[in-house]
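*Asks:* quick one, structure for this:
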Amino acid sequence: MRRDGRAYNELRPVTITTGFVKYAEGSVLIRCGDTMVLCCASVEDRVPPHVRPGCGWVTAEYSMLPRANRERSRRDIDKLKLSSRSAEIQRLIGRSLRAAVDLEALGERTITIDCDVIQGDGGTRTASVTGGFVALALACKKLVENGELGRSPVRHYVAGVSAGIVEDQPLLDLPYSEDSRAQVDLNCVMNDLGEIIELQGTGEGRSFTLREQQELVELCAKGNRELIARQREILGAL
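*Replies:* This is a model prediction of the structure:
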């Protein structure tokens, strides 16, 4: 048993509240344990210069509010540029969500997913992917309802979750109390076919074997299946 009473392969309690922001085309507040992220999708009728004619683009921005953690952090704007951590995470979120969308079917428009961490207790990047996908799907649904698209360009569900090795025990969905002690940390983003979109594994306290990596990926696959099932329930109900 872990400190919070979960089994080694059990997710933290997850709640996804849609329509959290009035004006965004799609918005979600996702809570995974004590981690809370607000995800808002905004649609613009333009694309960056590098995008092929006739295609759309999906991108993301990520930031942590100053008191999202135990001590106040400076806003990225104070530093005149993103922190390297925020920049790396928002690229991960953008890549993950683009994998969910047929960019040609989206047409020449950009959907930006803003992920703002209200409270951080481990797994903020993967919660941003999971919640960001729902916000993205809601924005695409609205484009169809408004007659701007004939069908939704979303072709796959996408979710992310973390796993790690703490005191030589593989665990799913680490809160900060476990993540801060993890010997190995792994983040995994997958689609509804069980295919891996992104895999980030780091030996924090020691190196790890291929067998251990496979154990962690299998834990993440279980967690992502459950998260995608939750996404289906929410989007199906809407």
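
*Asks:* what residues sit buried inside the longest helix along the chain?
*Replies:* Longest helix in the chain, counting residues (DSSP state H): helix 210-237. For helix 210-237, the buried set under the neighbour-count rule, 16 or more other CB atoms under 10 Å, comprises 212-213, 215-217, 219-224, 226-228, 230-231, 235. No exception for glycine: its C-beta is placed from N, CA and C like everyone else's.

*Asks:* which strands or helices does that helix pack on?
*Replies:* The criterion is 3 or more CB pairs under 8 Å, 6 or more residues apart in numbering; DSSP states H and E, and the helices and strands that helix 210-237 contacts are strand 14-18, helix 124-145, strand 158-166, strand 169-172, strand 184-191, strand 196-203.

*Asks:* angle of it against helix 124-145?
*Replies:* Here helix 210-237 points in a direction 30 degrees away from that of helix 124-145 (axes from the mean of the first three to the mean of the last three CA atoms, to 10 degrees).

*Asks:* pLDDT weak spots in the chain?
*Replies:* Scanning the chain for pLDDT under 70 picks out 76-81, 237-238.

*Asks:* quick check, central residue of it?
*Replies:* V129 (1.3 Å; CA atoms, centre = their mean).

*Asks:* quick check: that one touching Y157?
*Replies:* No. The criterion here is CB atoms under 8 Å, and V129 misses it with Y157 at 11.1 Å.

*Asks:* mind listing the shared neighbours of these two?
*Replies:* Both V129 and Y157 lack any common contact, where contact means CB atoms under 8 Å, 6 or more residues apart in numbering.

*Asks:* ok so, going back, gap between the residue nearest to the centre of the chain and C39?
*Replies:* Counting by CB to CB, to the nearest Å, the gap from V129 to C39 is 9 Å.

*Asks:* cool, and G147?
*Replies:* Taking CB to CB, one finds G147 at 25 Å from C39.

*Asks:* show me which of these two is the more surrounded one.
*Replies:* Between G147 and C39, counting by other CB atoms under 10 Å, C39 is the more crowded of the two (31 against 7).

*Asks:* what residues does whichever helix or strand that one is part of touch?
*Replies:* Here C39, judged by DSSP states H and E, is contained in strand 35-44. Contact with strand 35-44 is made by 12, 20-21, 24-30, 109-124, 127-128, 131-132, 134-136, 138-139, 142-143, 175, as judged by CB under 8 Å, 6+ apart.

*Asks:* go on, stretch 130-139?
*Replies:* Counting by CB under 8 Å, 6+ apart, 14, 16, 18, 24-30, 32, 37, 39-43, 58, 60, 93, 96-97, 100-101, 111, 113, 115, 152, 154, 157-161, 227, 231, 234-235, 238 sit against stretch 130-139.

*Asks:* switch the cut-off to 6 Å
*Replies:* 16, 25-28, 30, 37, 39, 41, 43, 93, 97, 100, 111, 113, 115, 154, 158-160, 227, 231, 235 (CB atoms under 6 Å, 6 or more residues apart in numbering).

*Asks:* so who does E198 touch?
*Replies:* S96, V189 are the contacts of E198 under CB under 6 Å, 6+ apart.

*Asks:* ok, now with 7 Å
*Replies:* Residues in contact with E198 (CB atoms under 7 Å, 6 or more residues apart in numbering) are L92, R95, S96, V189.

*Asks:* again with V144
*Replies:* Counting by CB under 7 Å, 6+ apart, V144 has contacts R151, S152.

*Asks:* so how far is G160 from it?
*Replies:* Taking CB to CB, one finds V144 at 25 Å from G160.
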